[in-house]
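Novice: my questions concern the predicted model and sequence given below.
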Amino acid sequence: QVQLVESGGGSVQAGGSLNLSCAASGSIFEINKLGWYRQAPGKQRELVAIIKSDSRTDYADSAKGRFTVSRSAAGYTVVLQMNSLRAEDTAVYYCYGDIIPWVGVRNPVDYWGQGTQVTVSS
């Protein structure tokens, strides 16, 4: 079993900052990618930021210049630092992992955290 457990989130005023953290644990053979998606009410889930095993990053256009994604040295924790938050950043944020588990065929599997609410008031 592989688990992604998120922490952080909450409520903040526009212009403020929040950090989200996600720890991967369980029967992990290899982590290809870790990152964050978000889903606002009535909208589809969308990519926020991803960091790959070689430390390359991808960001949504809306996140560039304001958000920073990073991984721990061991590679099992991903942090999303969010600055200059806007009301439109309000959403449930989900940790995402492209992870190869120990069990079964060694193919990568998409894993998701339970989600954490971020609310930005204007």
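Specialist: Structure's in. What do you need?
Novice: next, the residue most central in space within the chain: secondary structure please.
Specialist: Within the chain, the residue whose C-alpha comes closest to the C-alpha centroid is Trp36; the distance, by C-alpha atoms, centre = their mean, is 2.3 Å. What DSSP: H, G, I helix; E, B strand; the rest coil gives for Trp36 is strand.
Novice: from the chain's centre, how far out does stretch 34-48 sit?
Specialist: Averaging C-alpha positions (C-alpha atoms, centre = their mean, to the nearest Å) puts stretch 34-48 9 Å from its chain's average.
Novice: now do the buried residues in that stretch.
Specialist: 34-38, 48 (16 or more other C-beta atoms under 10 Å). Where C-beta positions appear, they are placed from N, C-alpha and C, glycine not excepted.
Novice: stretch 93-106 too?
Specialist: Going by neighbour count (16+ other C-beta under 10 Å), the buried part of stretch 93-106 is 93-101.
Novice: quick one: residues in contact with that stretch.
Specialist: Stretch 93-106 is touched from outside by 2, 4-6, 9, 20, 22, 24, 26-39, 45, 48, 50, 78, 80, 107-118, with contacts defined as C-beta atoms under 8 Å, 6 or more residues apart in numbering.
Novice: one more pass at 6 Å, please.
Specialist: Defining contact as C-beta atoms under 6 Å, 6 or more residues apart in numbering, one finds that stretch 93-106 is touched by 2, 4, 6, 20, 22, 24, 27-38, 108, 111-113, 115-116, 118.
Novice: so what sits opposite Gln117 in the bridge?
Specialist: Partner residues in beta bridges with Gln117, using DSSP bridges, are Val92.
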